[in-house]
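Visitor: Need the 3D shape of this:
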Amino acid sequence: MFLVGADENGLGPVLGPLVATAVVLEVESYSASKYRAVGKKLGIDDSKANSGFGKMAHAEGITLAALERLHGQRPEHIDQLLTFVTWRHGAETPPPCPRESWPQCWSTSVELPAFGGTIDDGHRVLDRLEKAAIRICDIRSAVVCASLINSEVKRLGSRLRLDLSLFERLLLETRAVLPSDVEAFCGKVGGIDYYPNYFRHLIGYTVEAQTRASSTYRIAGLGRVTFEIDADATHLPVSFASMVGKYVRELQMERQNRYYLRYDSSLKKVSGYRDKHTRKFIASTRELRQKLAIRDQCFER
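Guide: Reported below is the predicted structural model:
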């Protein structure tokens, strides 16, 4: 059977992209507690617990090893990695964007590994997963820049609606390349309980379970989809997606940080989250961004 875990990284920050990621695992049968225990032993956990800003080595090694197994080639720089995880849903690297703002997100090269991750260690983790009859089948991410977040939030009405729309698209894309329906798990999006009121891409549903903690639907042509509170701490494929997505987001933030440090070496790298360091970075780069003609909507959400 095929398990799909979907999670988002970067819904709340003020700088950098929103990344939604889906990871597909093949297993003989699924026990959430059993596979959760396997994952925790191997360090595959909620990214908030083990892949925060400044401690990305483990997630990097696993992600690079997984992409090498899936594509037969090690991603050597960030653009190649983004091509591996986004090309199937038509993403361009780099995407079309304002000429003045383009260099902020795309002109700086980031060679991989960038955070001290060891790809051989990642392969050892995957080998142990395979010994537990867990095989990785697919990884894909949707990377949404600040400008697109700003415009999509205006169009859809909220970040939560954008987040759910990305989950829907990723689930449909994974199913399109698999031979059978899937068992999918996603983190609960905001305070939503009844998801069909918000679906934009998933059609033909029946309700299987509906509680405050989780909502499960049978989707025609897709399989069973469960939205669950703290899914990244309960379901191995969601934990895996959380770590990969965190790594992808941190690479893009690294690229953006390097771009500005190129012009002002006194700046400190920031996570983009709503903390004092990010607030200082925004204030300290204001004149520089005006000089470089970086559009505000491409920089800050």
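Visitor: now the strands for the protein?
Guide: 2-9, 18-26, 135-144, 182-187, 205-210, 214-219, 223-228 (DSSP state E).
Visitor: Dump these to a markdown table, plus mean pLDDT and mean neighbour count.
Guide: The C-beta positions use only the backbone N, C-alpha and C, and glycine is treated the same way. Below are these laid out as a markdown table (pLDDT from 0 to 100; neighbours: other CB atoms under 10 Å):
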| stretch | mean pLDDT | mean neighbour count |
| --- | --- | --- |
| strand 2-9 | 97 | 26 |
| strand 18-26 | 97 | 26 |
| strand 135-144 | 96 | 21 |
| strand 182-187 | 97 | 25 |
| strand 205-210 | 95 | 12 |
| strand 214-219 | 97 | 19 |
| strand 223-228 | 98 | 20 |
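Visitor: Please identify which of those strands is closest to R255.
Guide: If you check each of the strands of the chain against R255 by CB to CB, strand 135-144 wins as the nearest, at 11.5 Å.
Visitor: Let me have the strands of the chain in CSV, adding distance to A283 as columns.
Guide: Listed next are the strands of the chain as CSV, based on distance: least, CB to CB, whole Å:
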stretch, distance to A283
strand 2-9, 25
strand 18-26, 23
strand 135-144, 25
strand 182-187, 32
strand 205-210, 46
strand 214-219, 41
strand 223-228, 38
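Visitor: W102 is nearest to which of the ones you listed?
Guide: If you check each of those against W102 by CB to CB, strand 135-144 wins as the nearest, at 15.0 Å.
Visitor: Now do the closest one: which elements does it pack against?
Guide: strand 18-26, helix 57-71, helix 78-86, helix 119-131, helix 159-176, helix 236-263 (3 or more CB pairs under 8 Å, 6 or more residues apart in numbering; DSSP states H and E).
Visitor: Give the pairing partners of that strand; include direction for each.
Guide: The strands that strand 135-144 pairs with in its sheet are strand 18-26 (antiparallel) (by DSSP bridges).
Visitor: List the beta-bridge partners for Y205.
Guide: In this entry, Y205 is beta-bridged to I219, by DSSP bridges.
Visitor: G223 is in contact with that one, correct?
Guide: No: look at Y205 against G223 with CB atoms under 8 Å: they stay out of range, at 11.2 Å.
Visitor: related to what we said a few turns ago, K40 is nearest to which of the helices and strands packed on strand 135-144?
Guide: The closest of those to K40 is helix 236-263. By CB to CB, the value is 8.4 Å.
Visitor: For the residue nearest the centre of the chain, list the residues it contacts.
Guide: The residue lying closest to the centre of the chain (CA atoms, centre = their mean) is G245, at 2.6 Å. Shown in contact with G245 (CB atoms under 8 Å, 6 or more residues apart in numbering): 7-10, 19-21, 47, 141.
Visitor: repeat for T278
Guide: Contacts of T278 (CB under 8 Å, 6+ apart): 13-15, 270-272.
Visitor: run the last query once more with 10 Å
Guide: 13-16, 270-272, 300 (CB atoms under 10 Å, 6 or more residues apart in numbering).
Visitor: got the contact list for the nearest residue to I192 once chain neighbours are set aside?
Guide: Nearest non-adjacent residue to I192, counting by CB to CB, 6 or more residues apart in numbering: Y198, 6.1 Å away. Neighbouring residues of Y198 by CB under 10 Å, 6+ apart: 156-158, 160-161, 164-165, 168, 189-190, 192.
Visitor: Could you single out the nearest of those to K55?
Guide: Distance to K55, by CB to CB, is smallest for V189 among these, at 26.3 Å.
Visitor: separation between the residue nearest to the closest one when sequence neighbours are not counted and S151?
Guide: Excluding its sequence neighbours, the residue lying closest to V189 (CB to CB, 6+ apart) is L164, at 4.8 Å. Distance, L164 to S151, using CB to CB, to the nearest Å: 17 Å.
Visitor: Show me which of these two is the more surrounded one.
Guide: A direct count of neighbours by other CB atoms under 10 Å for L164 and S151 places L164 higher, at 25 against 14.
Visitor: Show the model's pLDDT score for that one.
Guide: On the pLDDT scale, L164 is placed at 96.
Visitor: just checking, it touches A20?
Guide: Yes: under the criterion of CB atoms under 10 Å, L164 is in contact with A20, at a separation of 9.4 Å.
Visitor: what's the overlap in contacts for these two?
Guide: 8, 186.
Visitor: Can you find the helix or strand of this structure with the lowest average pLDDT?
Guide: Ranked by mean pLDDT, DSSP states H and E, the weakest helix or strand in the chain is helix 47-50, scoring a mean of 64.
Visitor: Many thanks, we can stop here.
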